[in-house]
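*Asks:* predicted model, plus sequence, below.
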Amino acid sequence: MFFGSFLHSLDDKNRLLIPSRLRGQLGSKLFIMKGYEGSLSIYPDEQFQKYLAKLETLPYESKLSRDIERIALSSVYVLEIDKVNRIQIPTALINKYAISKEVVVVGVLDHIEVWSEDKWEEYLKKNEGEFEEKSEELLKNV
């Protein structure tokens, strides 16, 4: 399970040092893809396989399903952690999703997210004030 947030910088080759608290859970093969609200999502192999299994249950005859599958899966890259615990974020994803050099790495249960620091701050500003109401509504019947 991933949790916490960590401020990091990408180096000149768009490499990100994986926060030490997250390293042991990631394994050696990772999948990075378009996330939500402007983030990138990074899944360990096992969790990515579970994500794919969910997509496989969607009816391909449905345009909504095809749209989700195409957008999500066309953004996927396979990553490996190097000897000094870094991953290289593909330049195509950096450019397409406007990821800056200053990033926040956020643990979100089964995956981690990479946010541009400014987008993360904007997201928090917009959503933190409604946290209690949203939590109460979403979790009241769980």
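*Replies:* Nice, thanks for sending it over. Numbers count the residues shown, from 1 in each chain.

*Asks:* quick one: the helices in the protein?
*Replies:* Along the chain, counting by DSSP state H, helices occupy 20-26, 45-56, 63-74, 91-96, 117-127, 131-139.

*Asks:* which among those helices is found nearest to residue 33?
*Replies:* Nearest to residue 33, of all these, is helix 63-74, at 6.2 Å by C-beta to C-beta. (Each C-beta comes from the backbone N, C-alpha and C, glycine too.)

*Asks:* in the protein, where is pLDDT below threshold?
*Replies:* Judged by pLDDT under 70, the chain has no weakly predicted residues.

*Asks:* any idea which residue sits dead centre in it?
*Replies:* In the chain, the C-alpha closest to the average C-alpha coordinate belongs to residue 41, at a distance of 1.6 Å (C-alpha atoms, centre = their mean).

*Asks:* so what's residue 47 up against?
*Replies:* 110, 111 (C-beta atoms under 8 Å, 6 or more residues apart in numbering).

*Asks:* I should have written residue 48 there, sorry.
*Replies:* By C-beta under 8 Å, 6+ apart, the contact list for residue 48 reads 30, 31.

*Asks:* any idea how far residue 79 is from it?
*Replies:* Here the criterion is C-beta to C-beta, to the nearest Å. By it, residue 48 lies 11 Å from residue 79.
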